[in-house]
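K.L.:
pasted the sequence and its predicted model underneath.
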Amino acid sequence: MAFKVAERGAIAPFIVMDVMQAAARREASGRGVIHLEVGQPSGLAPLKVREAARHALLTQPLGYTVALGVESLRTRIARHYAHAYGVSVPAERICITTGSSAGFLLAFLAAFAPGDRVAVAAPGYPAYRNILQALGVECVSVPVGPASRWQLSVEVLKGIEGKLDGAVVASPSNPTGSMLSAHEVAELAGWCELQGIRLISDEIYHGITFGRAAATAAGLAAAPHAVIINSFSKYYAMTGWRLGWMVLPADLTRAVECLQQNLFISPPTLSQIAAEAVFDCLDDLEARVTAYQENRDILLAELPEAGFARLAPSDGAFYLYADISDQTGDSRDFCARMLDEIGVAATPGVDFDPYEGGRTLRFSYAGSKADMIEAARRLKAWR
């Protein structure tokens, strides 16, 4: 008897994970790799986080928590919004999630029905498109570039034909590192509210910015129906702990809670306990941001000499997005050859952009300074 694979499972791969697997195979064969493909901080989680986790392991049963997450952590996140942004966010509207990935799934399930249309920037984080497709929601990929600083804007959205039910924005963005100003965030959020377009604001790279702070869509009186998603993975350096959070509007809070109950029961208990301590580690976290900026500066100085001169503005996050159209039209093959020939792993642009991604790639500079220097040396020699 033949068995079928459901259509919802026939989504595109998350190509960076395939690159990671290829890099792991190379390393297993005894050949080293400089990892510029994956967007995760290197090194250990902050010390106080590890100490809190150790204490909890030795003293607590670590059973389920309530579906929305530990109340004390939700309260601490609410305090974070007051301190970092000067906005009031009710703790009861905060939902702790199993990474931002679960946050996107919960938000899309609660906010959109099959057949709805949601705008997403291209280039943009590929999981937006792939999760929406798996849920039967139409992803309207919107080409963006230098004219809009690689971001969705009110003008860009006005140019889309047909009704939109939602829009996903990310500032700082993956893969370009571009940002929206506070005025642009407020303008976009307010316009979406007036048009009945549910705004999903991806803020997982907040904290990792260079020269100016990122603006949140949380607490905006003009956008009471927006959903904000953040994560402990990037700025807080807790990727493998799989923990994130959402700031929910009143009309979605109970729906998300019920979805969480049934899909995940609750977020990881140990990670929640440990994450509370991370807000007392700001000196450690800011030192990491300084290191990212130093890494960025190294690559900005060295990559043009290696043939990567056309780069998107990296105002935040830890990525450089390069136009390589003068070298190839097949970024996946280009990145495979780069890995095989010089042991430098990068992510092909086709992961982020279904239109122009064959002519772009993404470098992550979240690793060590020594790795940035060595990667630049290899890339210049390869050219």
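P.N.:
Everything's here; your move.
K.L.:
surely M179 meets D315?
P.N.:
Yes - in this structure, M179 is within contact of D315 by CB atoms under 8 Å, at 4.3 Å. Where C-beta positions appear, they are placed from N, C-alpha and C, glycine not excepted.
K.L.:
name the residues contacting each of these two.
P.N.:
172, 209, 212 (CB atoms under 8 Å, 6 or more residues apart in numbering).
K.L.:
what distance do you get for F334 to A381?
P.N.:
Using CB to CB, to the nearest Å, F334 is found at 16 Å from A381.
K.L.:
re earlier: between M179 and D315, point out the one with more neighbours.
P.N.:
M179 (28 against 21; other CB atoms under 10 Å).
K.L.:
helix/strand/coil for G177?
P.N.:
coil (DSSP: H, G, I helix; E, B strand; the rest coil).
K.L.:
residues in contact with it?
P.N.:
Counted by CB under 8 Å, 6+ apart, G177 has contacts 312-321.
K.L.:
which residue is the nearest non-sequential neighbour of it?
P.N.:
In space, and not counting its chain neighbours, G177 is closest to S314: 3.6 Å by CB to CB, 6 or more residues apart in numbering.
K.L.:
residues touching the one you found, list them.
P.N.:
176-178, 210, 296, 300, 320-321.
K.L.:
tabulate those residues (a markdown table), appending distance to A134 and pLDDT.
P.N.:
A markdown table is the format used below for the contacts of S314 (distance: CB to CB, whole Å; pLDDT from 0 to 100):
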| residue | distance to A134 | pLDDT |
| --- | --- | --- |
| T176 | 25 | 97 |
| G177 | 27 | 97 |
| S178 | 27 | 97 |
| F210 | 35 | 96 |
| R296 | 34 | 97 |
| L300 | 37 | 97 |
| L320 | 30 | 98 |
| Y321 | 26 | 97 |
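K.L.:
picking that back up, so which of the contacts of G177 are in helices?
P.N.:
Among these, DSSP state H puts none in helices.
K.L.:
how about stretch 52-60: buried residues?
P.N.:
Buried residues in stretch 52-60, counted by 16 or more other CB atoms under 10 Å: 52-53, 56.
K.L.:
neighbouring contacts of the helix or strand where E276 lies?
P.N.:
Using DSSP states H and E, the element containing E276 is helix 269-278. With CB under 8 Å, 6+ apart as the test, helix 269-278 has contacts from 45-46, 48-53, 56-57, 60, 62-65, 69-70, 72-73, 76, 96, 232, 236, 238, 241-243, 285.
K.L.:
if any of those residues are buried, give me the PyMOL selection for them.
P.N.:
Only the buried entries of the contacts of helix 269-278 go into this PyMOL selection, using 16+ other CB under 10 Å:
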select buried, resi 45+46+48+49+52+53+56+65+69+70+73+76+96+232+236+238+241+242+243+285
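K.L.:
now do the helices in this protein.
P.N.:
Under the criterion DSSP H, helices of the chain are mapped to 15-28, 47-59, 71-85, 99-111, 126-134, 154-158, 182-195, 250-263, 269-278, 282-302, 331-342, 369-382.
K.L.:
for stretch 206-225, buried residues please.
P.N.:
206-210, 214-220, 223, 225.
K.L.:
looking at the residues you listed, spot the one nearest I265.
P.N.:
A218 (25.9 Å; CB to CB).
K.L.:
now that closest one: how far from A78?
P.N.:
Computed as CB to CB, the A218 to A78 distance reads 10 Å.
K.L.:
which residues do those two both contact?
P.N.:
Both A218 and A78 are contacted by V89, under the criterion CB under 8 Å, 6+ apart.
K.L.:
what's near enough to touch the closest residue in space to D284 that isn't next to it in sequence?
P.N.:
Nearest-residue entry for D284: P46, 4.7 Å, with adjacent residues in sequence omitted and distances by CB to CB, 6+ apart. Counting by CB under 8 Å, 6+ apart, P46 makes contact with 236-237, 277-278, 281, 284-285.
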